[in-house]
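Participant: I need the structure of the sequence given here:
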Amino acid sequence: MLDLQRTLKTLRNDADWVSLRYVTEKTTLRSVRDEKPDRNNITFDQGVMVEVLVQGHFGFAGTSDLTESGIKRAFAKATAMAKSAAAFRVHEFSADHRPVAQGTYRSPVVKPLDAFSAKEISDIFIEATRAMKTSDKIVSRSATTMITETQFYTISSSGSEVDQSFSIVSTDFSATAAEGSETQTRSDSGGLARCLQVGAEIFDRNTILERCQKISSEAVELLSAENCPDEKMDLLLAPDQMTLQVHESIGHPLEYDRILGDERNYAGWSFVKPNDFGNLKYGSNLMNVTFDPTITDAMASYAFDDTGLKATKEFLIKDGVLLRGLGGLESQARLGLPGVANSRSSSWNRAAIDRMANINLEPGNSKLEDMIASVERGVFMLANKSWSIDDYRNKFQFGCEYAKLIENGKLTKTLKNPNYRGTTVQFWNNLKAVSNVRETYGSPFCGKGEPNQVIRVGHTTPYCLFKDVEVFGA
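Facilitator: Coordinates of the predicted model:
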């Protein structure tokens, strides 16, 4: 029987510091396509990550062998790696970079995930895809959910004991319409699933059916819509698109390991330099961005990161000025800059690295209807369809699923194939209005690191209005 505390006692004298992180994860994937069950898969994974500090350097080794001898073998491997790497270290670390942490975290769940059987979820999704058949022009309909139940239990030789359990549900619904050579798809979240830390309460039949009927009607509507015009104008972005805008042009460039160059061979660098913190006018005075893993129900909420640093809300950008980046204790020590509790690992077989958590654009004071009324000529875009951004997270181009032309303060024509492009700092300095309401989205598929780690991130964003943006059609 697994007894981490007993095993830890046998390892303490052979390293300056050691921790054991036990991770279990059950993932359930259910989907329905065109009123027929499509996938019903359940996977389970578990293992232990052994982390040591030897001669001022950290070493790691993961194992799925949960016997005491298996964990000891992983400990020996981690110790050997730390000793070998210590001769080439770029920074000398100490146990201070792994603070003592004690506490628990549980996702806020109103209704337990087992409150719905597999059949009940399948029946709701069958009805959802049926509801999307609003026209003979609808040629494909899908409903998907990914349910993840995860536990991270960590103990250390310095006295840490952290137990965090997560209940994460992602849902996505989409409808594709076709007529002749024209094909248009409308989804519930633009490829960024509605990802939340919730329970079975997310499977509310009436809410799901209402959303599905709406996106289906809009998919048909897009078939006869005009192409988005090619010109520079005001751009109003909905929260489902702002989510990706924040993720790509704020979250990734502020990661300290990118700024240090650790990710340059894979995920890329950043245009942000260390001396930009406290100085760079990243955006207009309306731009306020926070790192906040304490938000209730957001996808990347937690009490402690995987190094034991307590999670707190911190301003990354305040009144448009860049203040703080996304770096855990190791990166903070290397750069000599303040950071946040964001050293996170994707599972038992990965070391913690600098990752996004909940990166949020704080709401402003504007009402959405007033933002629309203020626009003489512009485009209102919703739901991401495509994206591209350079290795430095500077020049970008995004495409959306659905748009409305704004003329003389009113939403008029529907537009298809809407796109926009820009450069990060100029774009954010053109922010001229932020709504007083916001919505939460997320992604379970943010990739980074070598070996690769796919991790969950969350973003809570309002509606945002930008001036002088280059928009264009397909």
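Participant: so which residues of the stretch 151-300 of the chain form strands?
Facilitator: Secondary structure of the stretch 151-300 of the chain by DSSP state E, counting those that start in this stretch: the strands cover 161-179, 182-187, 194-197, 226-227, 231-237, 289-291.
Participant: ok, the closest residue to residue 92 other than its chain neighbours - contacts?
Facilitator: What sits nearest to residue 92 in space, not counting adjacent residues and going by CB to CB, 6 or more residues apart in numbering, is residue 56, at 3.8 Å. (Glycine included, C-beta is placed from N, CA and C.) Residues near residue 56 by CB atoms under 8 Å, 6 or more residues apart in numbering: 86, 89, 92, 93, 94.
Participant: next one: residue 56 from residue 74, what distance?
Facilitator: 21 Å (CB to CB, to the nearest Å).
Participant: so which bits of stretch 68-82 are buried?
Facilitator: For stretch 68-82, burial by neighbour count (16 or more other CB atoms under 10 Å) applies to 71, 72, 74, 75, 77, 78, 79, 81, 82.
Participant: shouldn't residue 27 be in contact with residue 113?
Facilitator: No: the pair residue 27 / residue 113 is not scored as a contact, 11.9 Å apart, by CB atoms under 8 Å.
Participant: the two: who's more crowded?
Facilitator: Neighbours were counted for residue 27 and for residue 113 using other CB atoms under 10 Å; residue 113 has more, 21 against 16.
Participant: residue contacts, the more buried one?
Facilitator: 147, 149, 167, 169, 199, 200 are the contacts of residue 113 under CB under 8 Å, 6+ apart.
Participant: got the phi and psi for it?
Facilitator: The phi/psi pair for residue 113 (degrees, to the nearest 10) reads phi -60, psi -30.
Participant: cool, residue 125 as well?
Facilitator: Here residue 125 shows phi and psi, under degrees, to the nearest 10, equal to phi -70, psi -30.
Participant: do the same with residue 366
Facilitator: phi -90, psi 140.
Participant: in which helix or strand does residue 38 reside?
Facilitator: Using DSSP states H and E, residue 38 sits in strand 36-54.
Participant: now that strand - C-alpha only, PDB.
Facilitator: This file holds the C-alpha atoms of strand 36-54, laid out as PDB (Å, rounded to 0.1, in the frame of the first residue of the first chain):
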ATOM      1  CA  LYS A  36     -25.600   9.400 -32.500                       C
ATOM      2  CA  PRO A  37     -23.100   8.600 -29.700                       C
ATOM      3  CA  ASP A  38     -19.600   9.000 -31.000                       C
ATOM      4  CA  ARG A  39     -17.100   8.500 -28.200                       C
ATOM      5  CA  ASN A  40     -17.300   7.300 -24.700                       C
ATOM      6  CA  ASN A  41     -13.700   6.900 -23.400                       C
ATOM      7  CA  ILE A  42     -12.400   6.800 -19.800                       C
ATOM      8  CA  THR A  43      -8.600   6.900 -19.000                       C
ATOM      9  CA  PHE A  44      -6.900   6.800 -15.700                       C
ATOM     10  CA  ASP A  45      -3.300   7.700 -14.900                       C
ATOM     11  CA  GLN A  46      -1.200   7.900 -11.700                       C
ATOM     12  CA  GLY A  47       2.400   8.200 -10.600                       C
ATOM     13  CA  VAL A  48       4.900  10.000  -8.400                       C
ATOM     14  CA  MET A  49       7.300  12.800  -9.200                       C
ATOM     15  CA  VAL A  50      10.400  12.800  -7.000                       C
ATOM     16  CA  GLU A  51      12.200  16.100  -6.800                       C
ATOM     17  CA  VAL A  52      15.500  16.700  -5.000                       C
ATOM     18  CA  LEU A  53      17.900  19.500  -4.200                       C
ATOM     19  CA  VAL A  54      21.500  18.500  -4.300                       C
END
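Participant: run through who's touching the helix or strand that that strand is followed by.
Facilitator: As assigned by DSSP H and E, the chain's next helix or strand after strand 36-54 is strand 57-63. Identification of contacts with strand 57-63 by CB under 8 Å, 6+ apart yields 47-53, 70-71, 73-75, 77-83, 85-86, 89, 92-93, 330, 348-351.
Participant: ok, 7 Å please
Facilitator: 47-52, 70-71, 73-74, 77-79, 81-82, 85-86, 89, 93, 348-349, 351 (CB atoms under 7 Å, 6 or more residues apart in numbering).
Participant: among the residues you listed, name the ones in strands.
Facilitator: Judged by DSSP state E, strands contain the following of the contacts of strand 57-63: 47, 48, 49, 50, 51, 52.
Participant: can you list the residues you listed in CSV and add distance to residue 232 and neighbour count?
Facilitator: Listed next are those as CSV, based on distance: CB to CB, whole Å; neighbours: other CB atoms under 10 Å:
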residue, distance to residue 232, neighbour count
47, 53, 20
48, 55, 24
49, 50, 25
50, 55, 27
51, 51, 27
52, 56, 27
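Participant: lowest average confidence, helix or strand, in this protein?
Facilitator: Here the helix or strand of the chain ranked lowest by mean pLDDT, DSSP states H and E is strand 194-197, holding a mean of 90.
Participant: with just CA atoms, put it into CSV.
Facilitator: Only the C-alpha atoms of strand 194-197 are listed here, as CSV (Å, rounded to 0.1, in the frame of the first residue of the first chain):
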residue,chain,number,x,y,z
ARG,A,194,-16.4,26.4,-21.8
CYS,A,195,-13.9,25.1,-19.3
LEU,A,196,-14.7,25.5,-15.6
GLN,A,197,-14.1,23.9,-12.3
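Participant: relative to residue 309, how far out is the residue nearest to residue 92?
Facilitator: Residue 56 sits 19 Å away from residue 309, going by CB to CB.
Participant: residue ranges in the stretch 251-400 of the chain under the pLDDT threshold?
Facilitator: Within the stretch 251-400 of the chain, no range satisfies pLDDT under 70.
Participant: what's the domain layout of this structure?
Facilitator: 4-224, 227-472 (automatic domain parsing).
Participant: most tightly packed of the ones you listed?
Facilitator: Among the domains of the chain, domain 227-472 has the highest mean neighbour count (mean count of other CB atoms under 10 Å), at a mean of 20.
Participant: any idea how far that one is from the chain center?
Facilitator: Taking CA atoms, centre = their mean, to the nearest Å, one finds the center of domain 227-472 at 10 Å from the center of the full chain.
Participant: do stretch 151-162 as well
Facilitator: On CA atoms, centre = their mean, the centre of stretch 151-162 falls 25 Å from the chain's centre.
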